[in-house]
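> Predicted model, plus sequence, below.
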Amino acid sequence: MTEVRSTRHLLPRLASLFALLIVGSACRGTTPINDLLADPGRYDGKTVSVAGEVTGSVGALGRGGYRLDDGTGSLVVISEDRAVPAEGANVGVKGEFQAIFTFFTESVAVLLEQSRFSP
């Protein structure tokens with residue numbers, strides 16, 4: 001009877017582990033925003049993917065920008081081909097990273113949006 005009980009408890013744990021693996025693999029291709037801002041020269045002009053929550057946005061006529069925060073940092077995303085997502089939305093973005101300038105320990109950069117995906 002002990003073997004039956006241990007097997008019964010094992011199945012929910014395996015299901016939870018499987019769900020975590022699926023969620024983790026969906027975010028695997030994203031770069032933490034803090035990594036981009038900590039070493040902007042490494043990523044300047046390169047295509048990267050980030051994911052996070054929209055913390056502010058402004059747009060009109062299918063163009064605009066929004067701030068994306070992934071918990072490690074935040075980055076302005078410039079969108080020229082589509083409407084910007086609403087504040088509070090969780091989005092993934094692929095685009096070209098552009099380092100504007102670095103002053104002491106502060107980096108200013110933007111991501112020129114190429115495509116959007118669900119994180």
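Ah, there it is.
> who's in contact with the most centrally placed residue in the chain?
In the chain, the C-alpha closest to the average C-alpha coordinate belongs to residue 51, at a distance of 1.1 Å (C-alpha atoms, centre = their mean). Residues near residue 51 by C-beta atoms under 8 Å, 6 or more residues apart in numbering: 27, 30, 68, 70, 90-93, 119. For every residue, glycine as well, the C-beta is placed using N, CA and C.
> just residue 113 next, same as before
Residue 113 sits next to 77-82, 93-95 when contact means C-beta under 8 Å, 6+ apart.
> hmm, try it at 6 Å
Taking C-beta atoms under 6 Å, 6 or more residues apart in numbering as the contact definition, residue 113 lies against 77, 79, 93, 95.
> Who is residue 110 paired with across the strands?
With beta bridges defined as DSSP bridges, residue 110 has these partners: residue 76, residue 98.
> for residue 41, helix, strand, or coil?
Remark: residue 41 carries the secondary structure label helix [criterion: DSSP: H, G, I helix; E, B strand; the rest coil].
> So what's the residue count around the closest residue to it other than its chain neighbours?
Residue nearest to residue 41 in three dimensions, not counting chain neighbours: residue 99, with 6.5 Å by C-beta to C-beta, 6 or more residues apart in numbering. Neighbour count of residue 99, defined by other C-beta atoms under 10 Å: 18.
> same deal with residue 112?
14.
> show me the contacts for it.
Counting by C-beta under 6 Å, 6+ apart, residue 112 makes contact with 78, 95-96.
> Quick one: those as JSON lines, columns for neighbour count too.
Putting the contacts of residue 112 into JSON lines (neighbours: other C-beta atoms under 10 Å) gives the following:
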{"residue": "78", "neighbour count": "16"}
{"residue": "95", "neighbour count": "20"}
{"residue": "96", "neighbour count": "16"}
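> residues contacting the residue nearest to residue 41?
By C-beta under 6 Å, 6+ apart, residue 99 lies in contact with 40, 44, 109.
> Nearest to residue 63 among the residues you listed?
Proximity of those to residue 63 (C-beta to C-beta) peaks at residue 109, which lies at 19.3 Å.
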